[in-house]
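[1] the sequence and its predicted three-dimensional model are supplied below.
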Amino acid sequence: MISPLLFLLLAPFVAILVIIIFRTPPQFTAGVAAGFNLMLSLLLLYEYPAAQGGYAYVMDWPWMALSGVPPIHFHLGVDGISLPLVFLTAIVTFAAIAVSPNNVRRASEYYCYLLLVSLGAMGAFVSLDIFFFYIFHEFALIPTFLLIGIWGGQNRQFASFQVTLYLMAGSLILLAGLLALIMALPPSARTFDIVALQSFIDRHPHAIATSVQDAIFPIVLVGFGILVGLFPFHSWAPPGYAAAPPAAAMMHAGVLKKFALYGLIRVGIPMLHDGFTDWLPVMVTLLVGNFLYAGFVTIAQRELPAMLGFSSIMHMGYLFLGIACWNMIGVSGAVVLMVGHGLSVALLFGLSGEITHRSGENRFSELGGLAQRAPMLAVLFSFASMASMGVPGLANFAGELMVFFGSFVSNLPLLGPTFTVFAVYGTVITAIYQLRAIKNVFYGPMPVRYEPRPAAVEATTGETVPASLGMTDTATLPEYTPYVLLIGASLIIGFMPFLLFHIVQPSVSLLPHVR
Amino acid sequence: MINASIHIAYFAPVLLLTVWALGLLLAEALIPLTARHTAWIALIGLGLTGLFTLAFDASSVSFWGDLCKWDGAAKFFNLFFVATAILVIWMGDEIQEPFSHGGGEFVVLPLFTTIGLMLLAMANDFTLFFVSLELVTISFYILVAYQRRSPVAIEAGIKYLILGGLSSAFLVMGIAYIYGLTGTTRFDLMEQFMPAYLQVYRTGIAFGLLLVLVGIGFKIAMVPFHIWAPDVYEGAPNSITAFLSVGSKAGGFIILMRVVLGIFGGVAGSHIWLPVLSVAAMLSLVLGNLAAIPQRNLKRLLGYSSIGHTGFILVAVIGAVQLAPSEARPPIMDLKTGQVAVSIYLVTYLLATFTAFIVLAVLNRRLPGLEIHHLAGLSQRSPLLAAAFALSFISLAGIPPLSGFIAKFMVILVAWNRGFYTLLGFAIFAAVAALYYYLGPVKAMYWSEPLDETPIRINLPTTIVLSILIVLLIGTGFWAQSYSIFVNDSNLAQASLHAAGSFVCKQ
């Protein structure tokens, strides 16, 4: 049986082939594929039987059976946890392609790599087999390397290598952890199929001894932790995102990083629950590092992209917190927050790219007063900042509130009311740096070089105004539509969070050990 | 499938190739054949040998007074060597600069190397093992130093000759020791009685085995017997470097498996070599991959990386060993998985290495040198060459969906299964370190400024071969089931491997 999810994977693939073989206009072709995926994912969200919460659109092909290797299946399917992330992938891909400048160098390569990153993220979210879950994520590694290296900004050389090596290390540690999990089971139960593994572990909760789980869980946690930027393993992310072209940062920070959190929800914690319980204090301590350490470092940043890179690391703390509660409300909140954070961080990176591109500057000290010249950009950026701060009415608020509720009612060690009060303080940190960014970029005195030059001077000297001298706004419809799309999605989820919650919650309640 | 009732028929493919090679050598001397014609005749001979080998089944028989053995591993490796030789001769003919003097031997000698390698895969006796190994090594002595006007080639030839001779001496010494203590040179007899011998002559046999491992370690470029690899790789003609890197290494591994998993596969035997090979694997992983990082010459880089790959394959070999039944972590997985992992690793290594060397051979004439910075901007000058080279390096680095990932995946799986956690840690460290130097050339090709913008044109056969290799690199990585076609019966036929957990004599 063919699942509609297969088309989500085929669309970018076909678009890549069409771009390479028929040399069609690459941005248009890529945009059509991304638009198709966006429509399809909305349709799937609408059609998904939310009330039961199980896997839907399932497709299962046997894939590989080598002697001694546990069977591998090409098993696709989504539930209420992965479906919102599929939607997030589709919408951010579409926006990332739409905001890319028209005159990008080596355009066909650029869009092919973007589509490959999108394909990798999409594949990881729809796979129900650990092997494919893993390799789809790895798909994105080399395209990310090339995107940062070829189209990146300053420091791209170092950043591209650092990101790739860090992610490779994280992936290999993760692979070792996942294989350890599978090999720890009795031979007859070994399989790469997530559904079969989960049902076996549910039936035999002590199939893996607690001491073994205690050994495997940290490996998995470190693997996922590196990929998502958990506190001591986060140092690759900010310089990487700062150097990456905006579209790549949008894809990676907005979508691809959610892979690791999704993996923890889908594989790490349910299958190694004893290990998770024992390692919880460590995990909670580390996520405090994300809140506070990364938060204060963010405040100290002097450049817009670097600040956004650190802020995206800081927000991983909330997501980890929601997952660490491992109760209904916390995990649902984390899923909603993943979508909200993906939308807001994609917006911020896109807009920061827009500001850098149009003004030729990304240091706060050299920017200022741009709201006069670029009112539309100012409005969009303020919306994005408000989303990131968790202002009610935007998707992040719904998610963060649920996460704090979840942590408030949790009776796990370290968590609980006291911890939550402490954690809520993190939103203040976000407000400090986001508001300062708005003030420094859009308000205050405007440097002279952004002043409109008298037309008469231009006419008499005959010289054209260089791009960096005449700051312009995103005035045309195609320029700001992608941002409006992302803000719209965030507003809809923010005002009507039940739309998402009634899809997410039944599936979360099916996760083992969720209280 | 031919299931020959007269077992000696299994020798026919090797015999065919031998007759073909000798005939070609004579014909080349008597009839004025051009180098190109010689190459085509050799390719036809190899093709026929390959088809002939394919026709035989993988049953386990021995013949010639048990001097030779035919089993799944012999069949798999024979096909592997024929495929390698076809690519080597094709490369030498199609891409490389025709050598100013006598091109004929350059085509015929690889045939003799192939014969030696095929015999090596079938050896069931230390004498045949040694003779075929020398056939391989001696023809390589000539091939490595073939460009005799180049000082680098002469240096490579001398280094290979001296170190090769030294390692052969160690090998003979080891064989003599083991023969002196056991009274036989036959693998199968030794395998049966090794537990008994070991109880009496443990030290002597252990000493002999270590000397044999020196000889084999030289062939597979295992640390600390790796010194020759970078220099020889740099100096030898490209096709011969590829041959050394793939064929010679695979030959070393088949015989390593026959010796350590076969003769010394029992618990008592493995206690001798397991620590030795484990340390060698760790050293190869670390040294090979770290020493490759500062390399600027691509062939030297591939030389060090090949040492690193030896480390990975050794992990898989070690993973195929059987340990005592009382071991805390019993081998739950089929022991043969380790051998399947070796076969898969070698196949993926063949695909990636040949892709890289074909590109290097094409570039050899078009670029001022083969340093990394000479590749600058290659993706603008020839997208196909750049893509092929990048994919081969990314495959060697083991990133999905390329075939190299499946190899690394199998090695990690095997290591977990057997509980070799330290080795696994080293392997992961090495894989991450390796990514750094594999990405360097990718960076140069894709975003460094080109020194020279003229497009590089490549002819049709090269385009076709490179495209096929690219499709195989991606295809076998994504559709990994394809390996089951040829590796599932690639196992050694040995008593000890079937009777897992016991080392009682068979009779």
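    Happy to help now that I have it.

[2] now do the closest residue to chain B within the stretch 301-450 of chain A against residue A:380, distance only.
    The nearest approach of the stretch 301-450 of chain A to chain B comes at residue A:353, 18.9 Å away (CB to the nearest CB). Heads up, the C-betas are built off the backbone N, CA and C, glycines and all. Distance from residue A:353 to residue A:380, counting by CB to CB, to the nearest Å: 12 Å.

[3] OK, now which residue of chain B is nearest to chain A?
    residue B:337 (3.0 Å).

[4] contacting residues around residue A:244?
    With contacts defined as CB atoms under 8 Å, 6 or more residues apart in numbering or on different chains, residue A:244 is in contact with A:144, A:147, A:148, A:152, A:153, A:156, A:159, A:252.

[5] beyond the helix or strand hosting residue A:352, next helix or strand please.
    Element membership for residue A:352 (DSSP states H and E) is helix A:328-359. Later in the chain than helix A:328-359, the nearest helix or strand by DSSP H and E is helix A:370-373.

[6] if we can go back for a sec, any idea of the pLDDT on the residue of chain B closest to chain A?
    At residue B:337, the model reports a pLDDT of 78.

[7] for the spatially closest residue to it that is not a sequence neighbour, phi and psi?
    Excluding the flanking residues, the one nearest residue B:337 by CB to CB, 6 or more residues apart in numbering or on different chains is residue A:68, at 3.0 Å. For residue A:68, the backbone dihedrals (degrees, to the nearest 10) come out as phi 90, psi -10.

[8] just the CA atoms of stretch A:480-498, as PDB, please.
    Taking Å, rounded to 0.1, in the frame of the first residue of the first chain, the C-alpha atoms of stretch A:480-498 are listed here in PDB:
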ATOM      1  CA  TYR A 480       7.000  39.800   2.700                       C
ATOM      2  CA  THR A 481       4.500  37.100   1.900                       C
ATOM      3  CA  PRO A 482       6.600  34.200   3.400                       C
ATOM      4  CA  TYR A 483       7.000  36.100   6.700                       C
ATOM      5  CA  VAL A 484       3.300  36.900   6.800                       C
ATOM      6  CA  LEU A 485       2.600  33.200   6.200                       C
ATOM      7  CA  LEU A 486       4.800  32.200   9.200                       C
ATOM      8  CA  ILE A 487       3.300  34.900  11.400                       C
ATOM      9  CA  GLY A 488      -0.100  33.900  10.300                       C
ATOM     10  CA  ALA A 489       0.500  30.300  11.300                       C
ATOM     11  CA  SER A 490       1.900  31.300  14.600                       C
ATOM     12  CA  LEU A 491      -1.100  33.600  15.300                       C
ATOM     13  CA  ILE A 492      -3.600  30.900  14.400                       C
ATOM     14  CA  ILE A 493      -2.000  28.400  16.700                       C
ATOM     15  CA  GLY A 494      -1.600  31.100  19.300                       C
ATOM     16  CA  PHE A 495      -5.300  32.100  19.300                       C
ATOM     17  CA  MET A 496      -6.700  28.700  18.800                       C
ATOM     18  CA  PRO A 497      -4.200  26.300  20.400                       C
ATOM     19  CA  PHE A 498      -6.900  23.700  20.700                       C
END
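
[9] buried set for that stretch?
    With burial defined by 16 or more other CB atoms under 10 Å in any protein chain shown, the residues of stretch A:480-498 counted as buried are A:480, A:482-487, A:489-491, A:493-494, A:497.

[10] with stretch A:44-57 instead?
    A:44, A:45, A:48, A:50, A:53, A:55, A:56, A:57.

[11] show me the contacts for the second one.
    Spelled out, that is residue A:45. By CB under 8 Å, 6+ apart, the contact set of residue A:45 is A:83, A:84, A:87, A:503.

[12] what residues does the residue lying closest to the third one once chain neighbours are set aside make contact with?
    In space, not counting the residues next to it along the chain, residue A:87 is nearest to residue A:41; the distance is 4.6 Å by CB to CB, 6+ apart. Residues counted as contacts of residue A:41 (CB under 8 Å, 6+ apart) are A:8, A:83, A:86, A:87, A:89, A:90, A:91.

[13] chain A contacts on chain B?
    Counting by CB under 8 Å from any CB of the partner chain, the residues of chain B lying close to chain A are B:332-334, B:336-337, B:340, B:394, B:397, B:399-401, B:405, B:409-410, B:412-413, B:416-417, B:424, B:428, B:431-432, B:435-436, B:439, B:442-443, B:446-447, B:480-481, B:483-484, B:487-488.

[14] picking that back up, of the contacts of residue A:41, which belong to strands?
    Using DSSP state E, no member of the contacts of residue A:41 sits in strands.

[15] and which of the residues you listed is nearest residue B:227?
    Nearest to residue B:227 among the contacts of residue A:41: residue A:89, at 50.3 Å, using CB to CB.

[16] phi, psi for residue B:145 please.
    Main-chain torsions, residue B:145, degrees, to the nearest 10: phi -100, psi 30.

[17] please apply the same query to the one 5 residues further on.
    The phi and psi values for residue B:150, taken as degrees, to the nearest 10, are phi -90, psi 130.

[18] by mean pLDDT, flag the weakest helix or strand of the chain.
    I'll assume chain A. Least confident helix or strand of chain A, by mean pLDDT, DSSP states H and E, is helix A:455-461 with a mean of 53.

[19] tell me the helix or strand right after it.
    Using DSSP H and E, the helix or strand that follows helix A:455-461 in sequence is helix A:477-495.

[20] surely residue B:481 and residue A:65 touch.
    Yes - using CB atoms under 8 Å, residue B:481 is in contact with residue A:65, at 7.1 Å.

[21] pull the number of nearby residues for the closest residue to residue B:205 other than its chain neighbours.
    Spatial nearest neighbour of residue B:205, excluding adjacent residues (CB to CB, 6+ apart): residue B:181 at 5.6 Å. By the criterion of other CB atoms under 10 Å in any protein chain shown, residue B:181 has 17 neighbours.

[22] helix or strand next in line after whichever strand or helix holds residue B:181, which one?
    Using DSSP H and E, residue B:181 falls within helix B:151-182. Tracing the chain past helix B:151-182, the next element assigned as helix or strand by DSSP H and E is helix B:187-220.

[23] my read: residue A:87 touches residue A:40, true?
    No - checked against CB under 8 Å, the pair residue A:87 and residue A:40 is beyond contact range at 9.9 Å.

[24] neighbour count: those two, which is higher?
    Higher neighbour count among residue A:87 and residue A:40: residue A:87, with 23 against 18, using other CB under 10 Å.

[25] list the contacts for the more buried one?
    Going by CB under 8 Å, 6+ apart, residue A:87 touches A:41, A:42, A:45, A:339.

[26] the last one - how many residues pack around it?
    To tie it back to what came earlier, the one meant is residue A:339. For residue A:339, the neighbour count with other CB under 10 Å is 26.

[27] for residue A:485, see how far away it is.
    Separation of residue A:339 from residue A:485 (CB to CB): 14 Å.

[28] cool, the first one as well?
    For residue A:41, the distance to residue A:485 (CB to CB) stands at 13 Å.

[29] close to chain B: what parts of chain A are there?
    So chain A meets chain B at A:63-69, A:72, A:134-135, A:138-139, A:141-142, A:145-146, A:149-150, A:157, A:160-161, A:164-165, A:168-169, A:172-173, A:175-176, A:179-180, A:183, A:186-187 (CB under 8 Å from any CB).
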